[in-house]
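> coords please:
(2 chains)
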2 protein chains.
Amino acid sequence: MAITVEVIAIGSELLLGDVLDTNTNWLCKRITGLGGRVCRAVLVRDDVKEIATEIRGALTRGTDVVFTSGGLGPTTDDVTLVAVAEAASVPLELNPEALTLVRARYEELTAKGYVACSTLTEPRKKMARLPKGAKPLANPVGTAPGVVLNVGRTTIISLPGVPAELKGIFGSSLQPILKELFGVGVFVEKEVLIDCSDESALASVLEQVAEDNPGVYIKSLARRLGPKGKLRVTLSMAGGKRTEVEASIKKALGELKKALADAGLNIASIA
Amino acid sequence: MAITVEVIAIGSELLLGDVLDTNTNWLCKRITGLGGRVCRAVLVRDDVKEIATEIRGALTRGTDVVFTSGGLGPTTDDVTLVAVAEAASVPLELNPEALTLVRARYEELTAKGYVACSTLTEPRKKMARLPKGAKPLANPVGTAPGVVLNVGRTTIISLPGVPAELKGIFGSSLQPILKELFGVGVFVEKEVLIDCSDESALASVLEQVAEDNPGVYIKSLARRLGPKGKLRVTLSMAGGKRTEVEASIKKALGELKKALADAGLNIASIA
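Numbering: from 1, shown residues only, chains lettered A, B, ... in the order given. The predicted structure is shown next:
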């Protein structure tokens, strides 16, 4: 069984339409590549109650890993950790390891002349106030550490909303935790391009192949209609063992090829 | 009070990270512009149970308007209307008005040589099978009509996932319904750019202004740290009357200017 994942993107600017959330897509792509299965993603405002409700929902569903993005900064509208603590029923407390990370960053930024002084003011200390039992993740790009908290069977991973910071933590301090969580999970995908501008003509073909290959996810994406139209069909599967996953994809692909030929549809390419 | 809105983007390809969901952002921007308040957005897989759960959640919360995007096409992985019907406890039935729309589109596409024939096959008819009591919305771009269904106080608006189709319906056949739902709602936003590379220095300033102006949403967005860094603060508010909303924003902006000056922070621009 694939590791189940939920993603919670936090920030009222996302729901105002002011900022396009690209973090969720970036995370989904990586998690899928690690063999994980993202079941659901949600965008919520900077509101403690709403964020906590979403996290509690994921805990209730027994989701293995919850990613949050956004809301870790120094200003009062950054409330993610308050919500994580509330959902996990633990208090927030100043985390010495996190404080060391924040201090080191401000000393570095002061030395470079980016900020006026390295004093740990209240807003700066706020970024080191983590849910009890959490572990900070060094942020190689910005000032707010990422945060990992285990709650029962669920691991909550909180990352900053600035894409460069989220990617920076994901690619460095989070790596050992990802290896532990996802192990050697694999994800295999095949893409079939079909000469056809009419998605409705594909429906019965795909239905039969999908029914006969329940483990494989089969999706058709309509492209532009037109005399030289093409339709893209993807077959994908996540799992623990590469050989098993590849064998299942191979079987489904073989059946799809045959069914397309029987229906008089031409395959333009397979990748 | 602003009209409350939830957005549900449907498609496993979104959670695989294969496709970046831009529909939610596009809808959020328009809804905000109409004076509506998007409270929450969610991305789910092509799964009847999961989609129905999200819709039921919105109905329970008494949300005024629910937008769904995706899952209206002819293939069996397009299951949005099955889920809408299930959540609303009504059956699906062939909608004569929708069938007329689908027929007209296929006749047009056949005449242009884009599809082989205009016969209403089962997959094509599927797009005209709507929840009982629903109204179809003509799709000026693709083949699947949009769908509007009223359930108690909630209006569910289902649009296709192909961005051009979603935008096409939104801008044409959906307009009369949007006018009815949102009336003359307004949204006012001011953007203040501050010469400052240290978001933590802003925290206490913003906190005070936010506390004194509870109706106004105040958000700071960190930009790149650096010797010539700038921070962007937005003040925004949605409501029913333009004069009232503008007065509230003006008051908050005046207080923000004063507080920034008191803290020795320089405003680079206001837009």
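
> neighbours around the residue lying closest to A:V90 once chain neighbours are set aside, how many?
Once flanking residues are discounted, A:V90 sits nearest to A:K132: 4.2 Å by C-beta to C-beta, 6 or more residues apart in numbering or on different chains. C-beta coordinates here come from the backbone N, C-alpha and C atoms, glycine included. Neighbour count of A:K132, defined by other C-beta atoms under 10 Å in any protein chain shown: 13.

> Isn't A:K132 up against A:A85?
Yes - using C-beta atoms under 8 Å, A:K132 is in contact with A:A85, at 7.4 Å.

> on that earlier part again, give the contact list for the residue nearest to A:V90.
A:85, A:90-93 (C-beta atoms under 8 Å, 6 or more residues apart in numbering or on different chains).

> which one of those residues is nearest chain B?
Distance to chain B across those (C-beta to the nearest C-beta) is lowest for A:L92, with 16.3 Å.

> Pairing partners for the closest one in the sheet, please.
A:P131 (DSSP bridges).

> Which residues does the helix or strand hosting A:K250 contact?
Counting by DSSP states H and E, the element that carries A:K250 is helix A:242-262. Residues from elsewhere that reach helix A:242-262 (C-beta under 8 Å, 6+ apart): A:186-190, A:192, A:194, A:205-206, A:208-209, A:212-213, A:215-216, A:218, A:233, A:235-239, A:266-267, A:270.

> buried ones in it?
If you call a residue buried by 16 or more other C-beta atoms under 10 Å in any protein chain shown, then helix A:242-262 has these buried ones: A:245, A:248-249, A:251-253, A:255-256, A:259-260.

> next one: stretch A:193-202
A:193-194, A:196-202.

> Around chain B, pick out the residues from the stretch 51-200 of chain A.
Within reach of chain B by C-beta under 8 Å from any C-beta of the partner chain, the stretch 51-200 of chain A has these residues: A:73-77, A:109, A:112-116, A:121-124, A:126, A:142-143, A:162, A:197-200.

> Sort out which of those are in helices and list them.
Those of those mapping onto helices are A:109, A:122-124, A:126, A:199-200, per DSSP state H.

> A:K29 and A:T63: what is the separation?
A:K29 sits at a distance of 19 Å from A:T63 (criterion: C-beta to C-beta, to the nearest Å).

> Those two: which has the busier surroundings?
A:T63 (21 against 16).

> Nearest spatial neighbour of A:A138, chain-adjacent residues omitted?
Nearest residue to A:A138, sequence neighbours excluded (C-beta to C-beta, 6+ apart): A:S173, at 4.4 Å.

> for the one you found, what are its contacts?
Contacts of A:S173 (C-beta under 8 Å, 6+ apart): A:137-140, A:146.

> tilt between the helix or strand bottoming out on mean pLDDT in chain A and helix A:242-262?
When each helix and strand of chain A is scored by mean pLDDT, DSSP states H and E, strand A:217-221 comes last, with a mean of 81. For strand A:217-221 against helix A:242-262, the angle by axes from the mean of the first three to the mean of the last three C-alpha atoms, to 10 degrees is 50 degrees.

> which other helices and strands contact strand A:217-221?
On a contact count with 3 or more C-beta pairs under 8 Å, 6 or more residues apart in numbering or on different chains; DSSP states H and E, strand A:217-221 meets helix A:199-212, strand A:230-239, helix B:12-15.

> so which of the ones you listed gets nearest A:L166?
helix B:12-15 (17.6 Å; C-beta to C-beta).

> so what secondary structure elements neighbour whichever helix or strand comes after that closest one?
Next along the chain after helix B:12-15, taking DSSP H and E as the criterion, comes helix B:23-33. Here helix B:23-33 touches helix A:12-15, strand B:4-10, strand B:37-44, strand B:65-69, helix B:163-171, going by 3+ C-beta pairs under 8 Å, 6+ apart.

> what about A:I218, distance to A:E246?
In this view, A:I218 and A:E246 are 16 Å apart by C-beta to C-beta.
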